[in-house]
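Q: Could you work out the structure for the sequence below:
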Amino acid sequence: MSLKSKYNPTESELEILQLLWEYGPSTVRFINEKQNEEKSLSAKQAGKAGVGYTTTLKIMQIMAEKGMLDVNKNSRQHIYTPSLDEDETKSKLLDGFLKKTFSGSAMKMVMQALGNHNPSKEELDEIKNLIHEIENNPKKS
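A: Numbering: from 1, shown residues only. Next comes the predicted model:
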């Protein structure tokens with residue numbers, strides 16, 4: 001399994017990773033319940049059913065085969081743990097998105113995001129603080 005493919009999770013795989021990063025090592029049942037909790041309101045409004053247990057199980061098994069998850073099979077219920085670091089994975093995904101969508105320009109991406117979203121005063125203050133921090137502590141290449 002190449003390192004590059006480990007950082008290209010599908011939308012469903014990323015959803016599972018996010019739940020595991022948030023809640024820690026978990027069973028398929030727990031992850032499936034959380035998926036359905038998060039989707040229940042929007043799914044009911046759209047007239048759609050939730051995510052089936054066997055669908056979650058199969059995706060998590062595939063993720064384990066790809067090396068995205070580690071599985072502890074010592075108990076009756078298998079416990080899945082992400083083998084990918086959250087910050088590193090998100091950084092690689094963002095870098096790829098930035099290159100493909102905005103020709104590598106962080107400024108274009110930020111301008112698009114701010115143009116499509118009406119940031120609150122608090123969000124703008126956080127952005128200003130981040131800019132100030134970057135200006136005063138530039139990363140060394």
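Q: how's this structure carved up into domains?
A: 3-84, 87-136 (automatic domain parsing).
Q: most tightly surrounded among those?
A: domain 3-84 (a mean of 15; mean count of other CB atoms under 10 Å). No exception for glycine: its C-beta is placed from N, CA and C like everyone else's.
Q: Could you pull up the mean pLDDT of that one?
A: Summarised as a single mean, pLDDT over domain 3-84 is 87.
Q: gap between it and the chain center?
A: Distance of domain 3-84 from its chain centroid, counting by CA atoms, centre = their mean, to the nearest Å, is 11 Å.
Q: Equivalent analysis for stretch 111-128, please.
A: On the basis of CA atoms, centre = their mean, stretch 111-128 is displaced by 21 Å from the centre of the chain it belongs to.
Q: what about that stretch, how long is it end to end?
A: 14 Å (CA to CA, to the nearest Å).
Q: who touches the nearest residue to residue 13 once chain neighbours are set aside in this structure?
A: Distances taken as CB to CB, 6 or more residues apart in numbering place residue 63 nearest to residue 13, at 5.5 Å, with adjacent residues excluded. Residue 63 sits next to 9, 13, 16-17, 69, 80 when contact means CB atoms under 8 Å, 6 or more residues apart in numbering.
Q: So which of these belong to strands?
A: Among those, DSSP state E puts 69, 80 in strands.
Q: So residue 26 sits against residue 80, correct?
A: Yes. In this structure, residue 26 sits in contact with residue 80. The criterion is CB atoms under 8 Å, and the distance is 6.1 Å.
Q: Need the overlap of contacts for the two.
A: Shared contacts of residue 26 and residue 80 (CB under 8 Å, 6+ apart): residue 20.
Q: What ranges does the chain have for its helices?
A: Under the criterion DSSP state H, helices of the chain are mapped to 3-6, 11-23, 28-46, 53-66, 86-102, 106-116, 121-136.
Q: out of these, nearest to residue 76?
A: Proximity to residue 76, assessed across the helices of the chain by CB to CB, is greatest for helix 28-46 (11.7 Å).
Q: Quick check: closest non-adjacent residue to residue 59.
A: The shortest distance from residue 59 to any residue other than its chain neighbours is 5.4 Å, reached at residue 12 (CB to CB, 6+ apart).
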